[in-house]
Every structure is written in C-alpha cells, then in structure tokens.
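> Need the 3D shape of this:
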Amino acid sequence: MTRLGRRASLLVAFYLLPGCATLPTYSQGPWMDLDKDTRYAVEDRAGGFLVTVEHTRFQLIPEQGVVAATCRSAVTSTAHAVAEKRGRPLRAINEQRVMISTARNPWAGITSCTAQVPVEYAP
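From the prediction side, this is the model:
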C-alpha cells in the first residue's frame, strides 16, 4: 500500500470510529447528574413529563444487557423521584413505553445507553 493510501485509510478510520458508540440524542436538556456515570433530563408535557436518562460506563467485558437494565431502572426511578419532588402522584409506568438504545465502543471499552419514558400524573 502506498503512503498516500495508508494516510487515506487512517483518515477514514479516524472519522468512522467515533460513530461506533454514538447514541441518538433524545433530549436537548437541561441535563442533571444522577451519579458519576448517569445524567437525566426532564421535559414537561401536558398531564405529565418525559424523562430521558443517559448512562455510560467502562466495561472490560461487554455486558450491554446489564447496562440496558441499569438504564431502565434509572429512568423509572428518576420519574418517580421527580414526581415525588413535585408532590404529584404518577399513573403506573407502562414498561412497554420505555425506549432503550445501547451502543459499545470496543476500542475505548465504553458501553452506553439512553432510555426515555413518558409519564402521566394520576388524576
């Protein structure tokens, strides 16, 4: 391979690698830290609100299922905590409405997930 060919290959790899662990952004924020690996955003809606959680952690051995479960738990517990802080009871959260996306960057050893769920206040 020529020197120019190697440089072109490196440039292509450099620009494609970050996309390996890029998750869609479901919320524009403002974001608040839940812990060192997790942040969340709340968007008010008529009759309730939308909760979005992003969780990222280093894992030597990839366990996307564990990260997805952590995201699911974080988004539902955050929804209940926000409602409690606001002094409003919630309707039961429909687990089927929880959207979860996961991604893995094998070069950095980072596994990430985003979870989102709409919640409604109880009457």
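> wouldn't Gln59 be in contact with Thr111 here?
Yes: using Cβ atoms under 8 Å, Gln59 and Thr111 qualify as a contacting pair, with a distance of 4.9 Å. C-beta: built from backbone N, CA, C; applies to glycine.
> Report the set of residues contacting both of those two.
Where contact means Cβ atoms under 8 Å, 6 or more residues apart in numbering, the residues bridging Gln59 and Thr111 through contact with each are Val67.
> Who has more neighbours out of these two?
Here Gln59 and Thr111 are compared on neighbour count by other Cβ atoms under 10 Å; more neighbours surround Thr111, at 24 against 13.
> so what's the backbone phi/psi at that one?
Here the main-chain torsion angles of Thr111 (degrees, to the nearest 10) amount to phi -110, psi 130.
> got it, and Val75?
The phi/psi pair for Val75 (degrees, to the nearest 10) is phi -70, psi -40.
> Burial check on it, number of neighbours?
For Val75, the neighbour count with other Cβ under 10 Å is 27.
> Does it touch Val117 like I think?
Yes: distance between Val75 and Val117: 5.2 Å, which falls inside the contact criterion (Cβ under 8 Å).
> Overlap in contacts, these two.
51, 98.
> Let me know the average pLDDT across whichever strand or helix holds Ala79.
Secondary-structure assignment from DSSP states H and E places Ala79 in helix 64-86. Predicted confidence along helix 64-86 averages 94 (mean pLDDT).
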